[in-house]
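S.K.: Quick one: sequence and predicted model below, then my questions.
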Amino acid sequence: VMVPDAERHGHPRSLFTLWFASNMQITAAVTGTLTVLVGLHPLWALVAVVLGNALGAVPMALHAAQGPKLGVPQMIQSRAQFGVYGAVLPLLLVVLMYIGYFASGSVLGGQAVAQITGMPVDAGILLYAGLSALIAIVGYRLIHRFGRLATLVSVVVFAYLSLRLVVTHDLGAVLAAPRFDAPQFLLAVSLAASWQLTFGPYVADTSRYLPATTSVRATFWWTYAGTALGASWSMCFGALAFAVAGTAFKGHEVGYVVGLGGAALVLPLLLAIALGKFTINVLNIYGGYMTVATTLSAFASVAGAYYEGTRDGCEKASPEPFMEFHGTEDGVMTYRGGDGKGGKYLSVEDFVDEWVVRNGCARDAEVDHPVDGVEHRLYERKCRSDTEVQQYRIDGGGHTWPGAPVHVGQGRDTPDLHATDLIWDFFTDHPAT
């Protein structure tokens, strides 16, 4: 679970662009409208937005600062406060939150895609959601690179839209004669702060790949500046847009924002809206996966890379069931071990033996051959905590996924051995408790 030192990389300044882009998007602007919708005067709504984000971003950024030091998923960290069983309820609530954010983000982004392409809105939503999932699957590095691009686009677009909002409306009249209402002000501050707090369950997942020597102060301030500035800007825009446009903005957010730019900029603004939602949509998928992954009580690996140092700190960890698939002629991560991009890695036999020892299993495995050219070893005698270790050695197999419907990877396929089904059954036999 912990990211090994050999795979740590990056600089904390990338957290600024990532979190700035995640907040400079239309959902944040819609959230800003709520501060006026509750009845607060627009001028005090702007103050509440800035104050709420400034306060809410503190615990959010503090969570980010834990990432490089601990190197484990955010929800794993929460077990220190809640315990393994106590963390179940927060985990379920977090997953529901991710689903809600992803759904709303996909609808808004899909509407923009539909207007750009002319396709039905439902198809646009599905396409947008699929592309978001693709980037999340590719992973951490691409997410950060995408954040830098989205930041550049967001700054240009929101600067232009903010200018258009100012020059096309009489904001002086809207902001005149401010009336202060303490309950409404506190509610608006809470709304803005809660926006930041919802990032807490996964913010450390975006920083845990940074080198362990990364300064806590640097991680905190780059994250804080990006998230507080981005959210304050977009929410203030939303609050002012609702204050001057009312129902013309509420419920028609995409159309109103595009209309501010004029007919000549319809396409660029729609693209910008779609791109702006992309960053946070990807983070919701990535964070949701990392959260759900903490519930696993069994592990499986196909053609894995077993780098030295990846087990450091696991000596006292509880025993866990493990299943491994590997081809003896894997040309990418060789069966015999070697040197890879992350340094030296163990042979498959040595790595499996470590799991056998870790789980306290006897080394005399039960051996069978489920299909020709595949040896299956089952270690289950004397294993602690009802665990087991299984290994599928594929003689002559390459760097492939056994039983995949299409050829993927390199080397010989094993069409009669279905790794996906075997892994699913393995996980089912060892549910989280």
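M.R.: Ah, there it is.

S.K.: Just give me the residue closest to the centre of this structure.
M.R.: residue 286 (2.4 Å; C-alpha atoms, centre = their mean).

S.K.: That one contacts residue 203, doesn't it?
M.R.: No. Checked against C-beta atoms under 8 Å, the pair residue 286 and residue 203 is beyond contact range at 11.4 Å. (Glycine included, C-beta is placed from N, CA and C.)

S.K.: need the helices for the stretch 101-250 of the chain, in chain order.
M.R.: Secondary structure of the stretch 101-250 of the chain, counting by DSSP state H, counting those that start in this stretch: helices at 121-138, 140-168, 171-175, 182-197, 216-245.

S.K.: Nearest to residue 67, out of those?
M.R.: Closest to residue 67 of the helices of the stretch 101-250 of the chain, according to C-beta to C-beta: helix 216-245, at 7.0 Å.

S.K.: could you give the mean pLDDT of that closest one?
M.R.: Mean pLDDT, computed over helix 216-245, is 92.

S.K.: Report the angle between it and helix 140-168.
M.R.: 40 degrees (axes from the mean of the first three to the mean of the last three C-alpha atoms, to 10 degrees).

S.K.: mind listing what's buried in helix 216-245?
M.R.: Neighbour-count burial for helix 216-245, counted by 16 or more other C-beta atoms under 10 Å, picks out 218-245.

S.K.: one step back: against residue 179, how distant is the residue nearest to the residue nearest to the centre of the chain when sequence neighbours are not counted?
M.R.: Nearest residue to residue 286, sequence neighbours excluded (C-beta to C-beta, 6 or more residues apart in numbering): residue 136, at 4.6 Å. Here residue 136 is placed at a distance of 45 Å from residue 179 (C-beta to C-beta, to the nearest Å).

S.K.: Show me which of those two is the more surrounded one.
M.R.: Taking neighbours as other C-beta atoms under 10 Å, residue 136 and residue 179 compare with residue 136 leading, 20 against 10.

S.K.: That one: what's it in contact with?
M.R.: 143, 282-283, 285-286, 289 (C-beta atoms under 8 Å, 6 or more residues apart in numbering).

S.K.: wait, what's in contact with the closest residue to residue 225 other than its chain neighbours?
M.R.: Among residues not flanking residue 225 along the chain, residue 16 sits closest, at 5.7 Å (C-beta to C-beta, 6+ apart). Residue 16 makes contact with 151, 222-223, 225-226, according to C-beta under 8 Å, 6+ apart.

S.K.: Check residue 230 too.
M.R.: 19-24, 28, 154.

S.K.: can you give me the strands in the stretch 251-400 of the chain?
M.R.: Taking DSSP state E, counting those that start in this stretch to define them, one finds strands in the stretch 251-400 of the chain at 299-302, 322-327, 338-340, 343-345, 366-368, 374-379, 389-394.

S.K.: Looking at those, which one is packed in the most?
M.R.: Of all the strands of the stretch 251-400 of the chain, strand 322-327 has the most neighbours on average by mean count of other C-beta atoms under 10 Å, namely a mean of 25.

S.K.: mind saving the C-alpha coords of it as CSV?
M.R.: This file holds the C-alpha atoms of strand 322-327, laid out as CSV (Å, rounded to 0.1, in the frame of the first residue of the first chain):
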residue,chain,number,x,y,z
PHE,A,322,-2.7,-13.5,-1.9
MET,A,323,-3.0,-14.8,-5.5
GLU,A,324,-0.3,-14.4,-8.2
PHE,A,325,-0.2,-15.0,-12.0
HIS,A,326,3.1,-14.9,-14.0
GLY,A,327,4.5,-16.2,-17.2
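
S.K.: In its sheet, which strands sit next to that strand, and in what direction?
M.R.: strand 299-302 (parallel), strand 389-394 (parallel) (DSSP bridges).

S.K.: right, and residue 299 touches residue 324 too?
M.R.: No. In this structure, residue 299 is not within contact of residue 324 by C-beta under 8 Å, at 9.1 Å.

S.K.: Low-confidence ranges, the stretch 101-250 of the chain, go.
M.R.: Along the stretch 101-250 of the chain, segments meeting pLDDT under 70 span 138-141, 143-144, 147, 247-250.

S.K.: The closest residue to residue 245 other than its chain neighbours: neighbouring residues, count only.
M.R.: For residue 245, ignoring the flanking residues on the chain, the nearest one in space by C-beta to C-beta, 6+ apart is residue 256 at 6.2 Å. Counted with other C-beta under 10 Å, the neighbours of residue 256 add up to 16.

S.K.: my guess is residue 378 contacts residue 365, does it?
M.R.: Yes. Using C-beta under 8 Å, residue 378 is in contact with residue 365, at 5.9 Å.

S.K.: ok, residue 190 - contacts?
M.R.: residue 52 are the contacts of residue 190 under C-beta under 8 Å, 6+ apart.

S.K.: picking up where we left off before, max pairwise distance over the contacts of residue 16: which two?
M.R.: 151 and 223 (13.6 Å).

S.K.: Counting neighbours, what do you get for residue 347?
M.R.: 15.
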